[in-house]
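Participant: Dropping a prediction and its sequence here:
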Amino acid sequence: MKQYKVQVYLPPEALYDIRDAVVKAGGGVIGNYSGCMSWWEVQSCWRSEEGAVPYNGEVGELTEGTEFLLEFRCDEAHIRAAVNRIKEVHPYERPVINVFLLDDLSF
């Protein structure tokens, strides 16, 4: 079965809601272990353009802030559910969710 690595940027206060949503959707399973994921603090910047409804910052201004980068693995049977659940609970207007197909050497 195909395996994917998922990365998502999120505000620190959303970590546990997103983590729980991923687990409930079947993400973060590696063999006989569940809830497997990692996160770390990153510094990010963005400019909200006209028409945006920013979670943090003001339209037209460059904003810098602390985010978490959350990573987990997910199998093919659960990847769509996991990504959809992230989108449902993520507070950002347009969350950054990166999905990478893993090769046979990755696990």
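Facilitator: Cool, the structure landed.
Participant: Please count neighbours and contacts with C-alpha atoms only from this point.
Facilitator: OK.
Participant: If we ignore the residues flanking it in sequence, what's nearest Val99?
Facilitator: Of all residues beyond its chain neighbours, the one nearest Val99 is Val6 (4.6 Å), with distances taken as Cα to Cα, 6 or more residues apart in numbering.
Participant: beta partners for the one you found?
Facilitator: Per DSSP bridges, the residues bridged to Val6 are Phe72, Val99.
Participant: Within its local environment, how many residues does it see?
Facilitator: A count of nearby residues for Val6, using other Cα atoms under 10 Å, gives 21.
Participant: Kindly report the same for Glu88.
Facilitator: The number of residues packed around Glu88, counting by other Cα under 10 Å, is 11.
Participant: element containing it, please.
Facilitator: Glu88 belongs to helix 79-89 when assigned by DSSP states H and E.
Participant: Give me the buried positions along that helix.
Facilitator: Ile79, Ala81, Ala82, Val83, Arg85, Ile86, Lys87 (16 or more other Cα atoms under 10 Å).
Participant: could I get these as CSV with distance to Gly60?
Facilitator: CSV is the format used below for the buried residues of helix 79-89 (distance: Cα to Cα, whole Å):
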residue, distance to Gly60
Ile79, 35
Ala81, 34
Ala82, 32
Val83, 29
Arg85, 30
Ile86, 27
Lys87, 25
